[in-house]
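Participant: After the sequence you'll find the predicted model.
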Amino acid sequence: MHPIPSKWSFCNRIIDTSIPVIMGIVNVTPDSFSDGGKFFDPDSAIAHAVELAEEGADILDIGGESTRPGSDPVLLDEEIRRVVPVIEGIIAKGITIPISIDTRRLNVAEKAVEAGAMIVNDVAALSDELEIADLVAEKNLGVVLMHMQGRPKIMQEKPHYDDVIGEIGDFFRERLDFAIGKGIPDENIVLDPGIGFGKLLEHNLEILANCGEWLKMGHPILVGLSRKRFIGEILGNDVSDRLYGTIGACVSALYSGARIFRVHDVKAVREALKVAFTILGNIEHER
């Protein structure tokens, strides 16, 4: 396996990506596939974010638009209205871990950064609104470039790849060239293969077995596996009963090279990954 990049830098912060990094999910939406509506109220979302931080999250990812399969876009002003008070409230509670804004829109990203966000987690990899790249470069933000085939509304309608690993790699190279050409430093960029975003079960499994292949590009790999449909397809259970499957998928991704994990269940995944990573380190030492 290629060497694991050791840091993610942004806004005068450095996150050690040689060890597992946990990104806790805060969905401020009524229609998220997993916890839609549960934290739609700003006070509930803020309290949930504080809880995730206390459970050991290294980053908090705040999103105001569901990108689940079949979802429709949210009006711009509504997305801003959902996320900005939550970011402000988290910071007012004294939470100092970095906040990520999960958005494809420049205006949302701008307002979120003004409120205190330091990372843009863009499922469109800076391709929907190209000016987001200028914002990331100007403010020295962190950025997650995610692969998605199609758009959320139709992405699960017969996705097809001749070579899923190679095609995602080509996409990453193209988006990296764009981002770096816009002045975003290499060390600010993380890659996400987009589990479930225009992928069938067999594509997701191949990605998880081979995500270390993209480490040769020199960027940490983030995976969003939490409670995803492919886990239910394997286990035959619904979204409320996928914790153990999520842990299994995260450990598998850890062993194949991923180091940043976007999850709902922070404490359980953090503890599982800590044990798995300790064992992995011992195995590598014995070699």
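Facilitator: Thanks, I have it. None of these values were measured; they are calculated from a predicted model.
Participant: S252 touches N210, doesn't it?
Facilitator: No. Look at S252 against N210 with CB atoms under 8 Å: they stay out of range, at 11.1 Å. (Glycine included, C-beta is placed from N, CA and C.)
Participant: Tell me where the stretch 101-250 of the chain has helices.
Facilitator: 106-115, 131-139, 164-181, 201-210, 229-235, 243-256 (DSSP state H, counting those that start in this stretch).
Participant: what comes up buried for the fourth one?
Facilitator: Same thing as helix 201-210. 203-208, 210 (16 or more other CB atoms under 10 Å).
Participant: Surely G232 is in contact with S240?
Facilitator: No. If you go by CB under 8 Å, G232 and S240 don't touch, sitting 10.1 Å apart.
Participant: With neighbour numbers in mind, choose between these two.
Facilitator: Taking other CB atoms under 10 Å, G232 and S240 do not tie; G232 has more neighbours (16 against 9).
Participant: Check the gap between that one and E51 for me.
Facilitator: Computed as CB to CB, to the nearest Å, the G232 to E51 distance reads 25 Å.
Participant: JSON lines please, covering the helices of the stretch 101-250 of the chain and showing mean pLDDT and distance to P42.
Facilitator: As requested, the helices of the stretch 101-250 of the chain are exported to JSON lines (pLDDT from 0 to 100; distance: least, CB to CB, whole Å):
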{"stretch": "helix 106-115", "mean pLDDT": "98", "distance to P42": "12"}
{"stretch": "helix 131-139", "mean pLDDT": "98", "distance to P42": "24"}
{"stretch": "helix 164-181", "mean pLDDT": "97", "distance to P42": "32"}
{"stretch": "helix 201-210", "mean pLDDT": "96", "distance to P42": "33"}
{"stretch": "helix 229-235", "mean pLDDT": "96", "distance to P42": "28"}
{"stretch": "helix 243-256", "mean pLDDT": "97", "distance to P42": "26"}
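Participant: report the longest strand in the chain, please.
Facilitator: As assigned by DSSP state E, the longest strand anywhere in the chain is strand 21-27.
Participant: how long is stretch 195-214 from one end to the other?
Facilitator: 15 Å (CA to CA, to the nearest Å).
Participant: correction: stretch 190-203
Facilitator: 21 Å.
Participant: same question, stretch 83-100
Facilitator: OK, stretch 83-100 end separation, CA to CA: 11 Å.
Participant: Show me which positions of that stretch end up buried.
Facilitator: Neighbour counts over stretch 83-100 (16+ other CB under 10 Å) mark 83-90, 95, 97-100 as buried.
Participant: Rebuild those residues as JSON lines, extending it with pLDDT.
Facilitator: Supplementary listing: the buried residues of stretch 83-100 in JSON lines, determined by pLDDT from 0 to 100:
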{"residue": "V83", "pLDDT": "96"}
{"residue": "V84", "pLDDT": "96"}
{"residue": "P85", "pLDDT": "96"}
{"residue": "V86", "pLDDT": "97"}
{"residue": "I87", "pLDDT": "97"}
{"residue": "E88", "pLDDT": "97"}
{"residue": "G89", "pLDDT": "97"}
{"residue": "I90", "pLDDT": "98"}
{"residue": "I95", "pLDDT": "97"}
{"residue": "I97", "pLDDT": "98"}
{"residue": "P98", "pLDDT": "98"}
{"residue": "I99", "pLDDT": "98"}
{"residue": "S100", "pLDDT": "98"}
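Participant: Please produce CSV containing those residues, extended by secondary structure and distance to K158.
Facilitator: Output for those, formatted as CSV (DSSP: H, G, I helix; E, B strand; the rest coil; distance: CB to CB, whole Å):
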residue, secondary structure, distance to K158
V83, helix, 32
V84, helix, 37
P85, helix, 39
V86, helix, 36
I87, helix, 37
E88, helix, 42
G89, helix, 42
I90, helix, 40
I95, coil, 42
I97, coil, 40
P98, coil, 37
I99, strand, 36
S100, strand, 31
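Participant: Much appreciated, bye for now.
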